[in-house]
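S.K.: with the input below, show me the fold.
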Amino acid sequence: MPDALDMMTQDGATAAPARRPIPGQQAAAILMLLFSEEQAAEILARLEPEEVRQLSEMMYTVADIGAEDINEVLDMFIDKARNRTMLGYKAEEQIEGMLKRALGDRRAETMLTKIAPKKAGGGLEALKWMDPVEIALLVEHEHPQIAAVVLSFLKPEIAANVLQLLPPEAQEDVVFRLATLGPVSPEAVETIEALLVNQGAAPRGGGSASSSGGTSDAAAIMNIINKRESQRIIRAVTKRDKEIARRIEDEMFVFADLIQLDAKDLGTLVRGLESKLLVPALKGAEDKLRDKMFGCMSSRAAQSIADEIADRGPMPMSEVLEAQRAVIQVAKRMADAGDIVIGGGGDEYV
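M.R.: Reported below is the predicted structural model:
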(Lines give C-alpha, C1' and ligand atoms only; values in the text may rest on other atoms or scores of the structure.)
Protein backbone atom coordinates (compact mmCIF):
# COMPACT_ATOMS: atom_id res chain seq x y z
CA MET A 1 0.00 0.00 0.00
CA PRO A 2 1.50 3.40 -0.92
CA ASP A 3 2.61 5.70 1.88
CA ALA A 4 -0.12 8.21 2.82
CA LEU A 5 2.41 11.02 2.48
CA ASP A 6 2.81 10.10 -1.21
CA MET A 7 -0.89 10.82 -1.71
CA MET A 8 -0.74 14.31 -0.22
CA THR A 9 0.73 17.57 -1.43
CA GLN A 10 2.66 19.92 0.83
CA ASP A 11 -0.46 21.92 1.78
CA GLY A 12 -2.35 18.75 2.71
CA ALA A 13 -4.51 18.46 -0.39
CA THR A 14 -4.86 15.13 -2.16
CA ALA A 15 -2.43 14.83 -5.06
CA ALA A 16 -3.85 14.58 -8.57
CA PRO A 17 -3.80 11.05 -10.03
CA ALA A 18 -0.83 10.21 -12.26
CA ARG A 19 -1.36 11.18 -15.90
CA ARG A 20 -1.59 8.35 -18.39
CA PRO A 21 1.10 8.56 -21.08
CA ILE A 22 -0.13 9.76 -24.47
CA PRO A 23 -0.35 6.84 -26.97
CA GLY A 24 2.16 6.94 -29.80
CA GLN A 25 -0.34 7.44 -32.62
CA GLN A 26 -2.02 10.29 -30.74
CA ALA A 27 1.37 11.85 -29.98
CA ALA A 28 2.31 11.67 -33.67
CA ALA A 29 -0.93 13.45 -34.60
CA ILE A 30 -0.28 16.23 -32.08
CA LEU A 31 3.26 16.64 -33.37
CA MET A 32 2.01 16.89 -36.95
CA LEU A 33 -0.29 19.77 -35.99
CA LEU A 34 2.70 21.63 -34.50
CA PHE A 35 4.50 21.63 -37.86
CA SER A 36 3.82 24.10 -40.62
CA GLU A 37 1.60 22.91 -43.47
CA GLU A 38 4.64 22.53 -45.72
CA GLN A 39 6.64 20.56 -43.14
CA ALA A 40 3.71 18.26 -42.36
CA ALA A 41 3.15 17.65 -46.08
CA GLU A 42 6.77 16.53 -46.50
CA ILE A 43 6.31 13.97 -43.72
CA LEU A 44 2.97 12.68 -45.05
CA ALA A 45 4.51 12.21 -48.49
CA ARG A 46 6.89 9.62 -47.02
CA LEU A 47 4.17 7.49 -45.41
CA GLU A 48 2.15 4.57 -46.72
CA PRO A 49 -1.49 5.26 -47.71
CA GLU A 50 -2.90 3.46 -44.66
CA GLU A 51 -0.55 5.38 -42.35
CA VAL A 52 -1.70 8.68 -43.86
CA ARG A 53 -5.34 7.70 -43.34
CA GLN A 54 -4.84 6.70 -39.70
CA LEU A 55 -2.74 9.74 -38.87
CA SER A 56 -5.20 12.11 -40.58
CA GLU A 57 -8.14 10.65 -38.65
CA MET A 58 -6.22 11.00 -35.39
CA MET A 59 -5.38 14.66 -36.11
CA TYR A 60 -9.08 15.51 -36.11
CA THR A 61 -9.44 14.03 -32.60
CA VAL A 62 -6.54 15.96 -31.00
CA ALA A 63 -7.17 19.42 -32.44
CA ASP A 64 -8.23 20.87 -29.07
CA ILE A 65 -5.47 19.50 -26.80
CA GLY A 66 -3.92 21.67 -24.07
CA ALA A 67 -0.44 23.03 -23.43
CA GLU A 68 0.38 20.23 -20.97
CA ASP A 69 -0.24 17.58 -23.61
CA ILE A 70 1.85 19.49 -26.14
CA ASN A 71 4.78 19.70 -23.72
CA GLU A 72 4.53 15.97 -23.01
CA VAL A 73 4.58 15.14 -26.72
CA LEU A 74 7.61 17.37 -27.30
CA ASP A 75 9.41 15.67 -24.41
CA MET A 76 8.59 12.27 -25.93
CA PHE A 77 9.91 13.38 -29.31
CA ILE A 78 13.15 14.74 -27.83
CA ASP A 79 13.73 11.52 -25.84
CA LYS A 80 13.20 9.37 -28.93
CA ALA A 81 15.38 11.61 -31.10
CA ARG A 82 18.14 11.50 -28.48
CA ASN A 83 18.11 7.69 -28.46
CA ARG A 84 18.18 7.26 -32.26
CA THR A 85 21.25 5.56 -33.69
CA MET A 86 22.70 5.16 -37.18
CA LEU A 87 22.13 1.37 -37.09
CA GLY A 88 19.55 1.50 -39.88
CA TYR A 89 21.71 3.61 -42.20
CA LYS A 90 22.17 1.73 -45.48
CA ALA A 91 20.82 -1.39 -43.75
CA GLU A 92 19.51 -2.82 -47.03
CA GLU A 93 22.97 -2.83 -48.60
CA GLN A 94 24.47 -4.40 -45.47
CA ILE A 95 21.82 -7.15 -45.28
CA GLU A 96 22.19 -7.94 -48.98
CA GLY A 97 25.96 -8.10 -48.66
CA MET A 98 26.00 -10.44 -45.67
CA LEU A 99 23.42 -12.76 -47.24
CA LYS A 100 25.39 -13.01 -50.48
CA ARG A 101 28.56 -13.80 -48.54
CA ALA A 102 26.78 -16.47 -46.49
CA LEU A 103 24.55 -18.06 -49.13
CA GLY A 104 26.00 -17.15 -52.50
CA ASP A 105 24.44 -14.78 -55.03
CA ARG A 106 21.68 -17.07 -56.31
CA ARG A 107 20.36 -18.31 -52.97
CA ALA A 108 20.68 -14.82 -51.49
CA GLU A 109 18.61 -13.32 -54.32
CA THR A 110 15.93 -15.96 -53.77
CA MET A 111 15.74 -15.16 -50.07
CA LEU A 112 15.80 -11.39 -50.63
CA THR A 113 12.88 -11.72 -53.04
CA LYS A 114 10.87 -13.30 -50.22
CA ILE A 115 11.85 -11.08 -47.30
CA ALA A 116 12.83 -7.65 -48.64
CA PRO A 117 10.13 -4.93 -48.57
CA LYS A 118 8.67 -4.20 -51.98
CA LYS A 119 9.46 -0.89 -53.59
CA ALA A 120 7.78 0.77 -56.50
CA GLY A 121 10.02 3.22 -58.29
CA GLY A 122 9.20 6.54 -59.87
CA GLY A 123 5.66 6.92 -61.12
CA LEU A 124 4.71 3.43 -59.94
CA GLU A 125 4.39 4.86 -56.43
CA ALA A 126 0.92 5.98 -57.56
CA LEU A 127 -0.22 2.34 -57.60
CA LYS A 128 -0.14 2.30 -53.79
CA TRP A 129 -2.75 5.03 -53.66
CA MET A 130 -5.16 3.51 -56.14
CA ASP A 131 -8.24 1.45 -55.35
CA PRO A 132 -8.15 -2.22 -56.54
CA VAL A 133 -11.06 -1.47 -58.89
CA GLU A 134 -9.08 1.38 -60.49
CA ILE A 135 -6.02 -0.84 -60.93
CA ALA A 136 -8.12 -3.64 -62.44
CA LEU A 137 -9.66 -1.20 -64.92
CA LEU A 138 -6.17 0.07 -65.74
CA VAL A 139 -4.83 -3.36 -66.77
CA GLU A 140 -7.87 -5.38 -67.87
CA HIS A 141 -7.35 -4.55 -71.59
CA GLU A 142 -3.55 -4.58 -71.43
CA HIS A 143 -1.26 -7.50 -72.20
CA PRO A 144 -1.27 -10.05 -69.30
CA GLN A 145 2.45 -9.44 -68.82
CA ILE A 146 1.73 -5.82 -67.94
CA ALA A 147 -0.91 -6.95 -65.43
CA ALA A 148 1.62 -9.38 -63.89
CA VAL A 149 4.21 -6.61 -63.52
CA VAL A 150 1.63 -4.35 -61.86
CA LEU A 151 0.66 -7.08 -59.39
CA SER A 152 4.33 -7.62 -58.54
CA PHE A 153 4.56 -4.04 -57.24
CA LEU A 154 1.47 -4.35 -55.02
CA LYS A 155 1.05 -5.74 -51.53
CA PRO A 156 -0.37 -9.31 -51.66
CA GLU A 157 -3.72 -8.23 -50.18
CA ILE A 158 -4.23 -5.54 -52.84
CA ALA A 159 -2.87 -7.77 -55.62
CA ALA A 160 -5.34 -10.52 -54.65
CA ASN A 161 -8.24 -8.06 -54.84
CA VAL A 162 -7.13 -6.83 -58.25
CA LEU A 163 -6.68 -10.38 -59.56
CA GLN A 164 -10.20 -11.39 -58.53
CA LEU A 165 -11.62 -8.43 -60.47
CA LEU A 166 -10.11 -9.74 -63.70
CA PRO A 167 -11.87 -12.35 -65.91
CA PRO A 168 -11.16 -15.99 -64.83
CA GLU A 169 -9.16 -16.85 -67.98
CA ALA A 170 -7.04 -13.73 -67.48
CA GLN A 171 -6.42 -14.62 -63.82
CA GLU A 172 -4.78 -17.92 -64.77
CA ASP A 173 -2.51 -16.30 -67.35
CA VAL A 174 -1.54 -13.41 -65.07
CA VAL A 175 -0.63 -15.73 -62.17
CA PHE A 176 1.54 -17.88 -64.45
CA ARG A 177 3.31 -14.79 -65.78
CA LEU A 178 3.76 -13.40 -62.26
CA ALA A 179 5.27 -16.69 -61.09
CA THR A 180 7.76 -16.71 -63.97
CA LEU A 181 8.50 -12.98 -63.86
CA GLY A 182 12.16 -12.05 -63.68
CA PRO A 183 13.84 -8.65 -63.63
CA VAL A 184 11.41 -6.04 -64.94
CA SER A 185 12.76 -4.04 -67.85
CA PRO A 186 12.74 -0.23 -67.86
CA GLU A 187 10.52 -0.42 -70.96
CA ALA A 188 7.84 -2.36 -69.04
CA VAL A 189 7.95 0.15 -66.20
CA GLU A 190 7.66 3.02 -68.69
CA THR A 191 4.59 1.37 -70.26
CA ILE A 192 2.88 1.20 -66.86
CA GLU A 193 3.88 4.76 -66.03
CA ALA A 194 2.38 5.89 -69.35
CA LEU A 195 -0.90 4.19 -68.41
CA LEU A 196 -0.85 5.97 -65.07
CA VAL A 197 -0.16 9.30 -66.74
CA ASN A 198 -3.11 8.76 -69.08
CA GLN A 199 -5.25 8.13 -66.01
CA GLY A 200 -3.92 11.31 -64.40
CA ALA A 201 -2.49 9.21 -61.57
CA ALA A 202 1.24 9.86 -61.75
CA PRO A 203 4.03 11.83 -63.36
CA ARG A 204 6.64 9.96 -65.34
CA GLY A 205 9.29 8.48 -63.11
CA GLY A 206 12.07 7.51 -65.50
CA GLY A 207 11.25 3.81 -65.95
CA SER A 208 13.89 2.36 -63.65
CA ALA A 209 14.13 -1.45 -63.77
CA SER A 210 13.43 -3.61 -60.77
CA SER A 211 13.48 -7.31 -59.91
CA SER A 212 10.01 -8.49 -58.92
CA GLY A 213 7.56 -11.36 -59.09
CA GLY A 214 8.31 -15.06 -58.79
CA THR A 215 6.56 -18.06 -57.26
CA SER A 216 6.69 -16.45 -53.80
CA ASP A 217 4.55 -13.53 -54.98
CA ALA A 218 2.13 -15.87 -56.74
CA ALA A 219 1.86 -18.08 -53.65
CA ALA A 220 1.20 -15.08 -51.40
CA ILE A 221 -1.74 -14.08 -53.59
CA MET A 222 -3.07 -17.65 -53.82
CA ASN A 223 -3.09 -17.82 -50.02
CA ILE A 224 -5.43 -14.82 -49.85
CA ILE A 225 -8.06 -15.62 -52.47
CA ASN A 226 -10.64 -18.30 -51.62
CA LYS A 227 -9.58 -21.93 -51.85
CA ARG A 228 -11.83 -22.88 -54.75
CA GLU A 229 -10.45 -20.10 -56.94
CA SER A 230 -6.84 -20.77 -55.99
CA GLN A 231 -7.26 -24.47 -56.83
CA ARG A 232 -8.75 -23.58 -60.22
CA ILE A 233 -5.83 -21.29 -61.01
CA ILE A 234 -3.23 -23.83 -59.84
CA ARG A 235 -4.82 -26.50 -62.06
CA ALA A 236 -4.60 -24.14 -65.04
CA VAL A 237 -0.95 -23.33 -64.27
CA THR A 238 -0.22 -27.07 -63.93
CA LYS A 239 -1.39 -27.63 -67.51
CA ARG A 240 1.14 -25.06 -68.69
CA ASP A 241 4.06 -25.94 -66.41
CA LYS A 242 3.90 -28.61 -63.71
CA GLU A 243 7.14 -27.48 -62.09
CA ILE A 244 5.99 -23.85 -61.71
CA ALA A 245 2.67 -25.03 -60.26
CA ARG A 246 4.50 -27.30 -57.81
CA ARG A 247 6.76 -24.47 -56.68
CA ILE A 248 3.78 -22.18 -56.12
CA GLU A 249 2.04 -24.86 -54.05
CA ASP A 250 5.22 -25.52 -52.07
CA GLU A 251 5.37 -21.86 -51.09
CA MET A 252 1.67 -21.57 -50.36
CA PHE A 253 2.13 -23.56 -47.16
CA VAL A 254 5.53 -23.91 -45.51
CA PHE A 255 6.65 -25.44 -42.22
CA ALA A 256 6.41 -22.18 -40.27
CA ASP A 257 2.74 -21.94 -41.27
CA LEU A 258 1.94 -24.94 -39.05
CA ILE A 259 1.66 -22.40 -36.21
CA GLN A 260 -1.66 -21.37 -37.81
CA LEU A 261 -3.23 -24.81 -37.32
CA ASP A 262 -5.58 -25.20 -34.40
CA ALA A 263 -4.61 -27.57 -31.59
CA LYS A 264 -6.85 -30.37 -32.83
CA ASP A 265 -5.48 -30.38 -36.40
CA LEU A 266 -1.89 -29.96 -35.24
CA GLY A 267 -2.37 -32.86 -32.82
CA THR A 268 -3.69 -35.02 -35.64
CA LEU A 269 -0.64 -34.17 -37.74
CA VAL A 270 1.84 -34.78 -34.93
CA ARG A 271 0.34 -38.21 -34.22
CA GLY A 272 0.87 -39.11 -37.87
CA LEU A 273 4.59 -38.30 -37.81
CA GLU A 274 7.46 -40.55 -36.81
CA SER A 275 10.08 -39.28 -34.39
CA LYS A 276 12.81 -39.68 -37.02
CA LEU A 277 11.00 -36.98 -39.00
CA LEU A 278 9.94 -34.81 -36.07
CA VAL A 279 13.40 -34.51 -34.53
CA PRO A 280 15.20 -32.81 -37.44
CA ALA A 281 12.08 -30.86 -38.42
CA LEU A 282 11.69 -29.38 -34.93
CA LYS A 283 15.43 -28.78 -34.62
CA GLY A 284 15.10 -25.84 -37.01
CA ALA A 285 11.65 -24.68 -35.85
CA GLU A 286 10.86 -21.40 -34.11
CA ASP A 287 10.41 -21.77 -30.34
CA LYS A 288 6.71 -20.83 -30.56
CA LEU A 289 5.95 -23.52 -33.11
CA ARG A 290 8.05 -26.10 -31.29
CA ASP A 291 6.26 -25.40 -28.00
CA LYS A 292 2.87 -25.60 -29.70
CA MET A 293 3.72 -28.97 -31.24
CA PHE A 294 5.05 -30.24 -27.92
CA GLY A 295 1.77 -29.12 -26.36
CA CYS A 296 -0.06 -31.52 -28.70
CA MET A 297 1.92 -34.49 -27.35
CA SER A 298 1.89 -36.24 -24.04
CA SER A 299 4.44 -34.80 -21.62
CA ARG A 300 6.45 -38.02 -21.87
CA ALA A 301 6.52 -37.98 -25.69
CA ALA A 302 7.39 -34.27 -25.75
CA GLN A 303 10.26 -34.77 -23.34
CA SER A 304 11.53 -37.73 -25.36
CA ILE A 305 11.60 -35.69 -28.56
CA ALA A 306 13.21 -32.72 -26.78
CA ASP A 307 15.92 -34.99 -25.34
CA GLU A 308 16.59 -36.52 -28.75
CA ILE A 309 16.90 -33.06 -30.32
CA ALA A 310 19.42 -32.06 -27.64
CA ASP A 311 21.38 -35.31 -28.02
CA ARG A 312 21.66 -34.98 -31.80
CA GLY A 313 23.61 -31.74 -31.53
CA PRO A 314 24.13 -29.58 -34.66
CA MET A 315 22.41 -30.88 -37.80
CA PRO A 316 23.02 -29.97 -41.44
CA MET A 317 20.51 -27.38 -42.61
CA SER A 318 19.77 -29.55 -45.66
CA GLU A 319 18.62 -32.37 -43.35
CA VAL A 320 16.39 -29.99 -41.35
CA LEU A 321 14.79 -28.51 -44.47
CA GLU A 322 14.23 -31.94 -46.02
CA ALA A 323 12.48 -33.13 -42.86
CA GLN A 324 10.31 -29.99 -42.76
CA ARG A 325 9.31 -30.48 -46.40
CA ALA A 326 8.40 -34.08 -45.62
CA VAL A 327 6.21 -32.94 -42.70
CA ILE A 328 4.41 -30.49 -45.01
CA GLN A 329 3.80 -33.28 -47.54
CA VAL A 330 2.20 -35.37 -44.78
CA ALA A 331 0.09 -32.36 -43.77
CA LYS A 332 -1.05 -31.84 -47.37
CA ARG A 333 -2.03 -35.51 -47.73
CA MET A 334 -4.04 -35.26 -44.51
CA ALA A 335 -5.68 -32.07 -45.77
CA ASP A 336 -6.57 -33.71 -49.10
CA ALA A 337 -8.11 -36.60 -47.16
CA GLY A 338 -10.13 -34.15 -45.07
CA ASP A 339 -8.41 -35.09 -41.80
CA ILE A 340 -7.10 -31.57 -41.15
CA VAL A 341 -7.58 -28.05 -42.55
CA ILE A 342 -4.55 -26.09 -43.70
CA GLY A 343 -3.86 -22.84 -45.57
CA GLY A 344 -6.35 -21.27 -47.95
CA GLY A 345 -7.62 -17.72 -47.91
CA GLY A 346 -10.91 -15.98 -48.36
CA ASP A 347 -14.22 -16.67 -46.65
CA GLU A 348 -15.86 -19.92 -47.65
CA TYR A 349 -18.92 -21.25 -45.88
CA VAL A 350 -21.19 -24.22 -46.56
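S.K.: what's the weakest-modelled helix or strand in the chain?
M.R.: strand 210-211 (a mean of 50; mean pLDDT, DSSP states H and E).
S.K.: check which element follows that one along the chain.
M.R.: Per DSSP states H and E, the first helix or strand lying C-terminal to strand 210-211 is helix 215-222.
S.K.: helices or strands next to that following helix in the packing?
M.R.: Counting contacts by 3 or more C-beta pairs under 8 Å, 6 or more residues apart in numbering; DSSP states H and E, helix 215-222 packs against helix 144-152, helix 156-165, helix 168-179, helix 227-240, helix 242-252. Just so you know, the C-beta spots here come from the backbone N, C-alpha and C atoms, and that holds for glycine as well.
S.K.: just the angle between the lengthiest helix in the chain and helix 242-252, please?
M.R.: Taking DSSP state H as the criterion, the chain has its longest helix at helix 317-336. Put simply, helix 317-336 runs at 90 degrees to helix 242-252, going by axes from the mean of the first three to the mean of the last three C-alpha atoms, to 10 degrees.
S.K.: please enumerate the helices of the stretch 251-350 of the chain.
M.R.: Applying DSSP state H, counting those that start in this stretch to the stretch 251-350 of the chain gives helices spanning 263-271, 275-283, 287-295, 299-312, 317-336.
S.K.: and the second one, how far out from the chain's middle?
M.R.: When you say that, I think you mean helix 275-283. Relative to its parent chain, helix 275-283 has a centroid offset of 28 Å by C-alpha atoms, centre = their mean, to the nearest Å.
S.K.: what sits against the nearest residue to Glu142 once chain neighbours are set aside?
M.R.: Nearest non-adjacent residue to Glu142, counting by C-beta to C-beta, 6 or more residues apart in numbering: Leu195, 7.1 Å away. Going by C-beta atoms under 8 Å, 6 or more residues apart in numbering, Leu195 touches Leu138, Val139, Glu142, Ile146.
S.K.: now render these as JSON lines, adding distance to Arg232, pLDDT and secondary structure.
M.R.: Converted to JSON lines, the contacts of Leu195 look like this (distance: C-beta to C-beta, whole Å; pLDDT from 0 to 100; DSSP: H, G, I helix; E, B strand; the rest coil):
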{"residue": "Leu138", "distance to Arg232": "24", "pLDDT": "88", "secondary structure": "helix"}
{"residue": "Val139", "distance to Arg232": "20", "pLDDT": "89", "secondary structure": "helix"}
{"residue": "Glu142", "distance to Arg232": "23", "pLDDT": "88", "secondary structure": "coil"}
{"residue": "Ile146", "distance to Arg232": "23", "pLDDT": "88", "secondary structure": "helix"}
